[in-house]
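Trainee: got a predicted structure plus its sequence, pasted below:
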Amino acid sequence: MKRPIILCLLILIGFSVSASGMEPGSQFSLKALRFVGIKSVLKDDLAKTLAIKAPPKWKFWLDRPVFSAEDLQDDVLRIKQFYQDRGYYHTAVAYQIEAAEHRKAPTGPQSTNVTFTITEGPPVLVEAINITVEPEIEKPALKDLLNLLPLRTGRIFSTTAYRDAKKALLKAFGNSGYPFANLTGKVTVNTEANSAQVFFRLDPKKQYRFGPLKILPNDTGVRDIVIVRAVSLKEDDLYIADEVDQSRRNLFNLDMFRLALIKPEVPEPDALSVPMTVQLKPKKRQNIKFGVGYGTEDGFRLKGAWTYRNLWGWAGKTSISFKRSDLIENIQADYIQPYFMDADNTLRAKTGFEREKFESYTNRKIFGNAGLERTFMKNWTAAFGYNLEVNNLEDIKIADSEELERLSHQNIYFISSLQAGLIYNNTDNTLDPKKGSVVSVSAEWASDLLGSEIRFVRPALELKRYQPVSESVTIAGRVRFETIQSDDSTSIPIFKRLFLGGSNTVRGYDFQKIPPLDENGSPLGGLSSLNANLELRFPVYRKLTGVIFGDMGLLDQDYFQYDAAEMRYTCGAGIRYNTIVGPLRLDFGYKLNPPESEQKVDWWRIHFSIGQAF
């Protein structure tokens, strides 16, 4: 008993020393807040929980926050609670205040610096996890439940992982037909042994199937048949919570609703199925968006769009958009109709005008295309469409007179083509994937049978893989093959040729600068291309991540030709800053086998853009 009493006395003495000279109710101005001894948590996460907060130094125009002795003592308790929630039950905290100026400011409280000194102590580890299911059921099995939990024996116990474990257990039972399972939990913490025993008790209740779907009074203007197609719950199928979540995501992905709820109703006592209710609240029918950006390749970007939702009550979206950069000027109208004819189809159509201004040529294009996408298996999407375009090749800037004559034998090109594609995508995130694969096969066929002035077949194959090697480190790889085959290769205009080089392909080169080039360094393009990339992505600090990469690329002026001796290799490193619209990206690329005529000053490139390279 003596040891706890002595410990309490030492803590009280520490408080009295730290707070010496502070009268109750005294007010102080905070100039700087410091932490000493933090090892196992993030300082910024801890600082967010405190009542005393110092604004960043760069915001020098803001008034310094005012605090009292009581605020300091409350923050000591907050720090201890913060650590206890993360499994550190022995954390000791002391504070010290120092005058930031030699005398009291004439217009307010004394300016001070506050330092929290933290002794973390040993963490509490999970010793055992016990799950009891009564009455017993066949599925889910206990071993499967343990594998689902974020809690693991031998790891640090945290209240967040404990709460997440409860959610995981209820989700597992919901995915086995038990939407009303009852869960109780208890944790026994032994602070002397620094161990925790976790107990869960589950009563699965009754197993149910999906019952009839009820759409509450629908004032959204979207037809019920569209909502039914979006909600992928089939009556009399076993209740699966993941399907309810997916149906909710389907409704949100329509971009028609600001609220979409799907919930089970209480069934009758003897019922074997549970009725499902859909509740919706609509978004505004119209919205306008503007955006600006910058990239080293296309300079300043400006874009905007006006969108009208739910045309004719079928959840279709009509939009008119524009974008402008140093490379492309575009204005177009789009229409998207989800759940066209059935739940697996999406109809897309667009038409517009575009001006491409690249180093080797300038092209104006009027275009229109329409296509149908169909999801026919999990993660698999097929697409088929028709494309019509009229191109006006305004200017070809190539020094080679023979090549110039070959590429500019006409200015107006009428192209009519069919397009098809097949995509498999099981990645975990569209903007910044950490795991999963993408397989894409596509082809375009232009023929005089369709009225096209030029004939070609343009197949492409792309493979991407994102493989996590730890919780925060990912290896990403991509390989892409593409070619253009024609009876007469000289008939392929330069704007249909393939180019490599730049921030999204081979980063040691400028945009479109992979050879072949003319004598002035202008890109000529090719009829076959091969591009491969490999990246190691790893955390640096908070929202900053780093990459180390290797790229390679090859262009050939004939179709289905890949001469490995002409392959160009680059390597480099980069930094990413994660945002809600994707990572801001800065890459430094270095040429490993540059052309012999190139000077060393041109062996490296810097690229700035948004989004991952692939």
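Mentor: That came in fine, so what should we check first?
Trainee: I'd like the next helix or strand past the helix or strand that contains Tyr83.
Mentor: Taking DSSP states H and E as the criterion, Tyr83 maps to helix 69-85. Per DSSP H and E, the first helix or strand lying C-terminal to helix 69-85 is strand 92-99.
Trainee: which elements pack onto that following strand?
Mentor: Packing partners of strand 92-99 (3 or more Cβ pairs under 8 Å, 6 or more residues apart in numbering; DSSP states H and E): helix 2-18, helix 69-85, strand 110-119. C-beta coordinates here come from the backbone N, C-alpha and C atoms, glycine included.
Trainee: for the protein, what spans make up the helices?
Mentor: Counting by DSSP state H, the chain has helices at residues 2-18, 43-48, 69-85, 142-148, 159-174, 224-230, 241-253, 401-407.
Trainee: so what touches the shortest one?
Mentor: What it means is helix 43-48. Here helix 43-48 makes contact (Cβ atoms under 8 Å, 6 or more residues apart in numbering) with 33, 35, 38, 53, 79, 82, 542.
Trainee: and if you look at stretch 426-437?
Mentor: Under Cβ under 8 Å, 6+ apart, the answer for stretch 426-437 is 379, 424-425, 438, 463-468, 474, 476, 578, 581-583, 611-612.
Trainee: from those, which ones fall inside strands?
Mentor: Those of the contacts of stretch 426-437 mapping onto strands are 424-425, 438, 463-468, 474, 476, per DSSP state E.
Trainee: can you list those in JSON lines and add distance to Ala370 and neighbour count?
Mentor: JSON lines is the format used below for these (distance: Cβ to Cβ, whole Å; neighbours: other Cβ atoms under 10 Å):
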{"residue": "Tyr424", "distance to Ala370": "24", "neighbour count": "16"}
{"residue": "Asn425", "distance to Ala370": "23", "neighbour count": "15"}
{"residue": "Val438", "distance to Ala370": "25", "neighbour count": "18"}
{"residue": "Leu463", "distance to Ala370": "28", "neighbour count": "16"}
{"residue": "Lys464", "distance to Ala370": "27", "neighbour count": "19"}
{"residue": "Arg465", "distance to Ala370": "32", "neighbour count": "17"}
{"residue": "Tyr466", "distance to Ala370": "32", "neighbour count": "24"}
{"residue": "Gln467", "distance to Ala370": "37", "neighbour count": "13"}
{"residue": "Pro468", "distance to Ala370": "39", "neighbour count": "15"}
{"residue": "Thr474", "distance to Ala370": "37", "neighbour count": "20"}
{"residue": "Ala476", "distance to Ala370": "34", "neighbour count": "22"}
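Trainee: residue ranges with poor pLDDT in the stretch 251-400 of the chain?
Mentor: Under the criterion pLDDT under 70, no range of the stretch 251-400 of the chain is flagged.
Trainee: switch the cut-off to 90
Mentor: Along the stretch 251-400 of the chain, segments meeting pLDDT under 90 span 269-270, 293, 311-312, 376-378, 394-400.
Trainee: picking up where we left off before, how about the helix holding Tyr83 as CSV, C-alpha atoms only?
Mentor: C-alpha atoms of helix 69-85 as CSV (Å, rounded to 0.1, in the frame of the first residue of the first chain):
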residue,chain,number,x,y,z
ALA,A,69,-4.5,27.4,-14.8
GLU,A,70,-7.7,25.3,-14.8
ASP,A,71,-7.3,24.8,-18.6
LEU,A,72,-3.8,23.4,-18.0
GLN,A,73,-4.9,21.0,-15.4
ASP,A,74,-7.9,19.8,-17.6
ASP,A,75,-5.4,19.3,-20.5
VAL,A,76,-3.3,17.1,-18.3
LEU,A,77,-6.3,14.8,-17.8
ARG,A,78,-7.0,15.0,-21.6
ILE,A,79,-3.5,13.9,-22.4
LYS,A,80,-3.8,11.0,-20.0
GLN,A,81,-7.1,10.0,-21.5
PHE,A,82,-5.7,10.2,-25.0
TYR,A,83,-2.9,7.9,-24.1
GLN,A,84,-5.2,5.5,-22.2
ASP,A,85,-7.4,5.2,-25.2
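Trainee: okay, now Thr119: neighbour count?
Mentor: When neighbours are counted by other Cβ atoms under 10 Å, Thr119 registers 12.
Trainee: going forward, count from 39.
Mentor: In the new numbering, first residue 39, that becomes Thr157.
Trainee: and the gap between it and Gln245?
Mentor: 51 Å (Cβ to Cβ, to the nearest Å).
Trainee: over to Asp466?
Mentor: 30 Å.
Trainee: between these two, which one's more packed in?
Mentor: Counted by other Cβ under 10 Å, Asp466 and Gln245 do not tie: Gln245 has more neighbours, with 17 against 11.
Trainee: where does pLDDT dip in the stretch 89-238 of the chain?
Mentor: For the stretch 89-238 of the chain, the ranges with pLDDT under 90 are 89-108, 135-150, 174, 176-177, 179-182.
Trainee: go again with 70.
Mentor: In the stretch 89-238 of the chain (pLDDT under 70), the answer is 94-98, 100, 139-146.
Trainee: burial of the residue nearest to Ser524 when sequence neighbours are not counted, as a residue count?
Mentor: Using Cβ to Cβ, 6 or more residues apart in numbering and skipping residues adjacent in sequence, the residue nearest Ser524 is Phe494, 4.3 Å away. As a burial measure, Phe494 scores 23 neighbours (other Cβ under 10 Å).
Trainee: quick check: Phe494 touching Ala481?
Mentor: No: under the criterion of Cβ atoms under 8 Å, Phe494 makes no contact with Ala481, lying 10.6 Å away.
Trainee: much appreciated, bye for now.
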